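S.K.: One predicted model, sequence on top.
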Amino acid sequence: MPAPEDLAAKLASFLERHHNATSVDITNLRRLTGGASKQTWAFDATIDGRDVELVMRSDPRRLQPDSGDLEYLLLKAAGQCDVPVPHVYARGDDTLGMPFFLMERVDGETIPRRLLRDDEYAEARAALPSQLAATLAMIHAVSIEAHGLDVLPGPTEGVAPAQHEVDRYEQVYRAMTPEPHPVFELAFRWLRDQAPATTARGLVHGDYRMGNFMCDPEGLRAVLDWELAHIGDPMEDIGWMCVRSWRFGNDDLPVAGVGRREEFLDAYAKAASHPVDADGVRFWEAFGNLRWGITCIVQAKTYLDGHSKSVELASIGRRIAETEWELLKLMDPVE
């Protein structure tokens, strides 16, 4: 990633070409918090006298730009289906030597501690469960074929998404884990026994959780961070929302720290116009905890192996034990 002053110059050059503009000024460039992999920068641009507020998303892990950037395509498709997302502004070229795109900036708050604690967001907390349910139903209704999203990863035809995801994460786990994790071994067996057999497929956001919701005092403004979207069982998103780590201490409100399971499932079923399999959601909640535990291993290993100096990646390793404890309770739900 270029230094901030070089980045500003490169973005100005890109916008000049994109708009065939004679004058572009970049000001107030700053990196936004959050995101251990992709980078997010906000800035103001004045293009031939017209002011716009923009956000750049880039992926320093990949050295070559990708003309078919999936997150760009996903945001565009979601926006066309009235899902609350930032409006995509421009797809990047080879200016930065890595994939990037620009979207219009949405003002609001994403930090869970503030959304779940501050008095300013009390009204938002009351509104969020129904808003999140309705928005998730809209995401799951996005047509994969109509929007060219069949390039997304997912199971082959006839393979149950649950089986596919368990296989995929076990492969990652076996490749990355030098030390034993008995709870994860038990969880893989339990998940295979409990896996829903459905082969139904739909658009899955993949990271639908507190921290990826832009909110204001009235509630949800935009759904962010689509980089993990894939084709699968839509119930995976509901299970992921309920992972304990995404409650940020509000353990009595298991749905993103703001809602209760039964009420959320009822709201989702009403918005989606079909019932929800509660056992399937329980499976995906357990899978979500295992997935997050494996992700913690991968992130910590990235730091320990010297591939990144990120303190955030290093600290994530301590959360492995949290997922193991939660998995034990989910696999044997004795109150």
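M.R.: Nice, thanks for sending it over. Residues are numbered from 1 along each chain as shown.
S.K.: use CA for all of it now, contacts and neighbours both
M.R.: Fine.
S.K.: Would you state the helices of the stretch 151-300 of the chain in chain order?
M.R.: Assigned by DSSP state H, counting those that start in this stretch, the stretch 151-300 of the chain shows helices spanning 161-176, 182-194, 235-241, 261-272, 278-304.
S.K.: In this structure Glu227 contacts Glu71, no?
M.R.: Yes - with contact defined as CA atoms under 8 Å, Glu227 counts as touching Glu71 (5.4 Å).
S.K.: all strands for this protein, in order.
M.R.: For the chain, the strands defined by DSSP state E occupy 24-31, 39-47, 50-58, 88-91, 100-104, 202-204, 213-216, 219-223, 230-232.
S.K.: Of all the ones you listed, which one is nearest Phe188?
M.R.: With distances scored as CA to CA, the stretch of the strands of the chain nearest to Phe188 is strand 230-232 (18.6 Å).
S.K.: which other residues reach that closest one?
M.R.: 150, 152-155, 161-162, 200-206 (CA atoms under 8 Å, 6 or more residues apart in numbering).
S.K.: Buried ones from these, can you make that a ChimeraX selection?
M.R.: Here is the ChimeraX command that selects the buried residues among these (16 or more other CA atoms under 10 Å):
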select :152,154,155,161,162,201,202,203,204,205,206
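S.K.: now, the most widely separated pair of the contacts of strand 230-232?
M.R.: Asp150 and Ala162 (18.4 Å).
S.K.: Quick check: nearest residue in space to the most centrally placed residue in the chain, chain neighbours excluded?
M.R.: Nearest to the mean C-alpha position of the chain, by CA atoms, centre = their mean, lies Asp207 at 2.9 Å. Take Asp207 and drop its neighbours on the chain: the residue closest to it by CA to CA, 6 or more residues apart in numbering is Leu228, 6.3 Å away.
S.K.: ok, Thr295 to Phe287 distance?
M.R.: Using CA to CA, to the nearest Å, Thr295 is found at 12 Å from Phe287.
S.K.: Poorly predicted segments of the stretch 1-150 of the chain, please.
M.R.: Applying pLDDT under 70 to the stretch 1-150 of the chain flags residues 1-2, 34-37, 60-68.
S.K.: right, and Glu218 touches Glu123 too?
M.R.: Yes - using CA under 8 Å, Glu218 is in contact with Glu123, at 5.9 Å.
S.K.: Thr135 contacts Cys81, doesn't it?
M.R.: No - under the criterion of CA under 8 Å, Thr135 makes no contact with Cys81, lying 10.6 Å away.
S.K.: These two - which one has more neighbours?
M.R.: Thr135 (21 against 15; other CA atoms under 10 Å).
S.K.: Now do the same contact list for that one.
M.R.: Val83, Pro84.
S.K.: still on that earlier bit, between Thr295 and Phe287, which one's more packed in?
M.R.: Phe287 (27 against 19).
S.K.: What count of nearby residues applies to the residue nearest to that one when sequence neighbours are not counted?
M.R.: Spatial nearest neighbour of Phe287, excluding adjacent residues (CA to CA, 6+ apart): Leu191 at 7.0 Å. The number of residues packed near Leu191 is 19, by other CA under 10 Å.
S.K.: Next: Val258.
M.R.: 21.
S.K.: residues contacting the nearest residue to it once chain neighbours are set aside?
M.R.: Nearest residue to Val258 in three dimensions, chain neighbours excluded: Arg125, at 5.9 Å (CA to CA, 6+ apart). Residues near Arg125 by CA under 8 Å, 6+ apart: Leu115, Leu116, Gly219, Val258.
S.K.: Quick check: Arg125 vs Val83, distance?
M.R.: For Arg125, the distance to Val83 - CA to CA - is 20 Å.
S.K.: Distance of the residue nearest to Asp207 relative to Pro86?
M.R.: On the measure of CA to CA, Leu228 and Pro86 end up 17 Å apart.
S.K.: More neighbours: which of those two?
M.R.: Pro86 (23 against 14).
S.K.: from memory the more buried one sits against Arg105, does it?
M.R.: Yes - contact criterion CA under 8 Å: Pro86 and Arg105 qualify, at 6.7 Å.
S.K.: more neighbours, Glu227 and Glu71?
M.R.: Glu71 (19 against 16).
S.K.: unless I'm mixing things up, the more buried one is touching Trp226, no?
M.R.: Yes - between Glu71 and Trp226 a contact is recorded at 5.6 Å, counting by CA under 8 Å.
S.K.: Could you break this structure into its assigned domains?
M.R.: Domain ranges of the chain: 4-9+20-104, 112-331, per automatic domain parsing.
S.K.: burial count for Leu220?
M.R.: Count around Leu220 with other CA under 10 Å applied: 22.
S.K.: in terms of contact, does it touch Ala124 like I think?
M.R.: Yes - between Leu220 and Ala124 there is a contact at 7.4 Å, judged by CA under 8 Å.
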